[in-house]
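Colleague: take this sequence and fold it.
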Amino acid sequence: MKLKLSLIGILVTVLFLGGCQQKLSHSNRDSDSKGVMSRNQNVTVVEQTRLNTVDISKVNSFNKLRSSTEGLFRLGKNGRVVNGLAQSYQMSKDAKTYTFKLRNNARWSNGQPITTADFVYSWQRSVKPQTKSVNSNLFDGIKNAEKIRKGELPVDQLGIKALSSHQLQVKLDHPMVYFESLLAYPLFAPQHQATVQKYGAQYGTRANQQIYSGPFKLVKWHAGSASRTLVPNPYYWDKDHVYLKQLTIVTSKSPAQDLKDYRSGKVAEIQLIGKQIPENKNNRDYVVRPFSLMRIIAYNFNTSNRSNKKLINNRNARLAISHAISRRRLINSALKNASLPPKGFVTAGLSKNRLNHSDFADQQEASSYVKRNAKLAVKEWTAAKRQLGIKSATLTLLTPNDMISRRVADNVKTQLENQLQGLSVHISSLDSNPLAQHVSNGQFDLLLTGWGADYPDPLSFLQAMTSNSRHNYGHWHDADYDRLVRTISSNQSTDAQLRWERMLAAEKQLTEQQGVTPLYQQADSFLTNPKLNGVVHNISGVVEDYKSAYWVE
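Modeller: Prediction:
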């Protein structure tokens, strides 16, 4: 899904210091007060969905590549950017040119050196239209990336250049205040051209049809398999701070079986589902982790059903749908977890104002539009029906075919039908491939989907809803919104407070118009073995990293 039909740190500010050398601190493991390392350093954890590829140009969920892939930077604790394959870098006075120095001991998992040519090849491969990377838009802001994506320029015009085997230059169209944290995303990691060409269409579909730049390498896995096994990369530049001997990631069998495996010590962490959450809240191993992921209802403004198209394009109808839904009831009844009611489209905890340290979500000015207001919902729904000359309507809500999505859809259906007289909601739940096809073909009225931040800045959310965004699945269009986001994107060297205010204005425009209807910010509950230390968890981007994980006695 970007849920995004894909998943995807805290705000790191770029200081516009002319020509200064930036040396990022090394991520040593914290001192451990719970005991000494145990002899057994094998860890098994459970995740909810399977991995289909390790081709970083084509993967949807980069979090699944968190331990085997490394680029110039990594995200450490609390979203802090730490050095990866980049030993240091320089930034120009206008913050539009970066020069990175790669580590001399950077090596692929087969022992070959990692060079700047591997970065140039990787970025060009991801951006060129023929690759069909679903995340190529994340390169926008790097010089010429958007024009290359659209086929207007050749890929060799991308703003990346190998000055030498270890000196890499990157040019931007404009300053990007989140650029370093963006580069911590696996999408921006290197790729080995000879390996890509050797395996062709099979590249990245099996453990041995890829080589790895990160602290671990895959040794047992094929596309769609229920588990994968990783071991330390023997040539990793920081191998002395990789402690696990084996990391095994298995796909959930069922919530009951996962819990049984956790209690028997077979797995180190599981996600709790449904009634398991209240039943385990007092367990000392219980942990809640919020994510920068907003589940939403997307409207298809171009749906082929003419009557429904008129309804969806009626603002009163969209406002009525939003005001009819109690997010707290949805969370308590359908999710039964620690998810958070929305304050707008942008999630809480993602980004703070540099001047007063206020959370962006707390400053969103249109929060009343994403809260239940029964009387107002009825008034807006009545007005919409009068304006359209209808007495009833039936809308199809398209959802992923997983237990949580089905529960959410059922709850939304019940609330809307009970509150809005004459409205019927038909639920259509599809597996991932037919779901993606239906979305691509515009075969839906309403879509239960979501958006997760790829980098720790409100713009990561706001850009997704512009008219030309491939993730604007319902083709919402608002000229004022597009203008605001375009200004924010292209003029990031302006005053930080002015940029912040423009982002708030764009978010207000989106929420007041209900271009999408936010439902909840995802927060999941886990049981985690307290003897597993050193795992890095973040709210956005790569949210889990086992590089420096270790067991204690």
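
Colleague: quick check, Val46 in contact with Gln257.
Modeller: No: using Cβ atoms under 8 Å, Val46 is not in contact with Gln257, being 9.5 Å away. In this view, the C-beta of every residue, glycine as well, is placed from N, C-alpha and C.

Colleague: any idea how far stretch 135-149 is from the chain center?
Modeller: 18 Å (Cα atoms, centre = their mean, to the nearest Å).

Colleague: okay, the residue of the chain positioned farthest from its centre and Ser307: tell me how far apart.
Modeller: Within the chain, Gly389 marks the point farthest from the mean C-alpha position, 41.1 Å out by Cα atoms, centre = their mean. Separation of Gly389 from Ser307 (Cβ to Cβ, to the nearest Å): 10 Å.

Colleague: rewinding a little: higher neighbour count, Val46 and Gln257?
Modeller: Comparing Val46 with Gln257 by other Cβ atoms under 10 Å, the one with more neighbours is Val46, at 25 against 12.

Colleague: which residue, other than its chain neighbours, is closest to Met542?
Modeller: To be clear, residue 542 is Val; Met isn't right here. Nearest-residue entry for Val542: Arg66, 4.7 Å, with adjacent residues in sequence omitted and distances by Cβ to Cβ, 6 or more residues apart in numbering.

Colleague: correction: the previous question concerned Lys132.
Modeller: Nearest to Lys132 is Lys58, by Cβ to Cβ, 6+ apart, at 7.5 Å.

Colleague: burial measure for the one you found, as a count.
Modeller: Counted by other Cβ under 10 Å, the residues lying close to Lys58 total 17.

Colleague: buried ones in the helix or strand containing Ala384?
Modeller: Following DSSP states H and E, the helix or strand that holds Ala384 is helix 374-388. In terms of neighbour count (16 or more other Cβ atoms under 10 Å), helix 374-388 has its buried residues at 376-378, 380-381, 383-385, 388.

Colleague: which of the residues you listed lies closest to Ala338?
Modeller: Ala377 (26.4 Å; Cβ to Cβ).

Colleague: for that closest one, what are its contacts?
Modeller: Ala377 makes contact with 319-321, 323-324, 419-420 under the criterion Cβ atoms under 8 Å, 6 or more residues apart in numbering.

Colleague: same deal with Asn314?
Modeller: Going by Cβ under 8 Å, 6+ apart, Asn314 touches 384, 387-388.

Colleague: can you list the domain ranges for the chain.
Modeller: Taking automatic domain parsing as the criterion, the chain consists of the domains 33-248+529-551, 291-523.

Colleague: can I get these in CSV with mean pLDDT and distance to Asp261?
Modeller: Written out in CSV, the entries for these read as follows (pLDDT from 0 to 100; distance: least, Cβ to Cβ, whole Å):
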stretch, mean pLDDT, distance to Asp261
domain 33-248+529-551, 93, 7
domain 291-523, 93, 18
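
Colleague: quick revisit: any idea which helix or strand comes after the helix holding Ala384?
Modeller: With elements assigned by DSSP H and E, the helix or strand that comes after helix 374-388 is strand 393-400.

Colleague: partner strands of that following strand, with direction?
Modeller: Strand 393-400 has these partner strands in its sheet, going by DSSP bridges: strand 423-430 (parallel), strand 446-452 (parallel).

Colleague: so which bits of whichever strand or helix holds Glu501 are buried?
Modeller: Taking DSSP H and E as the criterion, Glu501 maps to helix 496-513. By 16+ other Cβ under 10 Å, the buried positions in helix 496-513 come out as 499-500, 502-511, 513.

Colleague: turn the residues you listed into CSV, columns for distance to Ala226.
Modeller: Putting the buried residues of helix 496-513 into CSV (distance: Cβ to Cβ, whole Å) gives the following:
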residue, distance to Ala226
Arg499, 45
Trp500, 45
Arg502, 46
Met503, 42
Leu504, 44
Ala505, 47
Ala506, 42
Glu507, 40
Lys508, 45
Gln509, 44
Leu510, 39
Thr511, 40
Gln513, 43
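
Colleague: what sits against the residue nearest to Val542?
Modeller: Neighbours of Arg66 in contact, by Cβ under 8 Å, 6+ apart: 186, 542-546.
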